[in-house]
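[1] just a sequence and a predicted model for now, questions to come.
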Amino acid sequence: MGLKDRLLAAINGAPEEEFVDEEVVARIASPAPAPVAVPAASDLENRQLRDQLARLQQENSRIKMARVQEKAEAFWSSLLSSHRAVPAEEAGIIKGYISAAVDDEVLPRADGSARIDDFEAMYNARPANMLTAESVPQALNDVILLRNKMQTGASDLYGRTPDGHAMESGRREALLKMTPLGRETLSDRNGKH
């Protein structure tokens, strides 16, 4: 019985049993065909893929850390050139920068802010120090050098040491013999030139 015949039978009030298609009933009652078996990757292939994934993840981590190290060193250089840090702080600042970057990567903040931004802001807010800057203008420095008549060395013109005691003559000669310039001074003094 075709579809048209079944519809007409249903319209004319035929009982349901008369227009039930046996083919449809047979297909519904028969078991579903077995699923097509997809060949599973062998354990060796799975292990190779896992190993390759692990290598790629390690390489990715290494590259990220190298970038963080470069950024930390660049940040340190900018602080030093802007006189916001001194050379003794280099290791601590670089370590702090890397630590903040790793923390941001591993455990981001809930509000979306970055620890590295806070770290940079903290150091950028520092006032510039004058420890590495020239404090005497060059013109004034030249004048000071020209007018400087201060004696340098271990003794003054009278042979006194800084503590006020006279240096022994044997000690002076022993010290002069220790350097080429001192030996030349002794030979000039003794007329052996």
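    Thanks, I have it. Numbers count the residues shown, from 1 in each chain.
[2] so Arg84: helix, strand or coil?
    Three-state call for Arg84 (DSSP: H, G, I helix; E, B strand; the rest coil): coil.
[3] burial check on it, number of neighbours?
    Arg84: 17 surrounding residues under other Cβ atoms under 10 Å. Placement of C-beta: from N, CA and C, glycine included.
[4] show me what the longest helix seen in the chain is packed against.
    Taking DSSP state H as the criterion, the chain has its longest helix at helix 43-81. In terms of contacts (3 or more Cβ pairs under 8 Å, 6 or more residues apart in numbering; DSSP states H and E), helix 43-81 is packed against helix 90-106, helix 115-124.
[5] pull the helix or strand with minimum mean pLDDT from this protein.
    helix 22-29 (a mean of 57; mean pLDDT, DSSP states H and E).
[6] where does pLDDT dip in the protein?
    Within the chain, the segments meeting pLDDT under 70 span 1-4, 6-41, 132-167, 169, 192-193.
[7] mind doing that once more with 50?
    19, 157 (pLDDT under 50).
[8] thinking again about what came up before, what angle sits between the longest helix of the chain and helix 115-124?
    20 degrees (axes from the mean of the first three to the mean of the last three Cα atoms, to 10 degrees).
[9] so can I have JSON lines of the helices and strands packed on helix 43-81 showing distance to Leu186 and mean neighbour count?
    JSON lines is the format used below for these (distance: least, Cβ to Cβ, whole Å; neighbours: other Cβ atoms under 10 Å):
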{"stretch": "helix 90-106", "distance to Leu186": "47", "mean neighbour count": "16"}
{"stretch": "helix 115-124", "distance to Leu186": "56", "mean neighbour count": "15"}
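[10] wait, Thr131 touches Val86, no?
    Residue 131: Leu, not Thr. Yes - the criterion here is Cβ atoms under 8 Å, and Leu131 meets it with Val86 at 5.9 Å.
[11] and the helix or strand harbouring Gly170, what other elements does it pack with?
    Element membership for Gly170 (DSSP states H and E) is helix 169-176. Counting contacts by 3+ Cβ pairs under 8 Å, 6+ apart, helix 169-176 is packed against helix 180-189.
[12] can you list the residues that contact the helix it packs on?
    Identification of contacts with helix 180-189 by Cβ atoms under 8 Å, 6 or more residues apart in numbering yields Glu173, Leu175, Leu176, Lys177, His193.
[13] how close does Gly92 sit to Ser113?
    Gly92 sits 23 Å away from Ser113, going by Cβ to Cβ, to the nearest Å.
[14] and Gln58, by the same measure?
    Applying Cβ to Cβ to Gln58 and Ser113 gives a distance of 29 Å.
[15] I appreciate the help and will end here.
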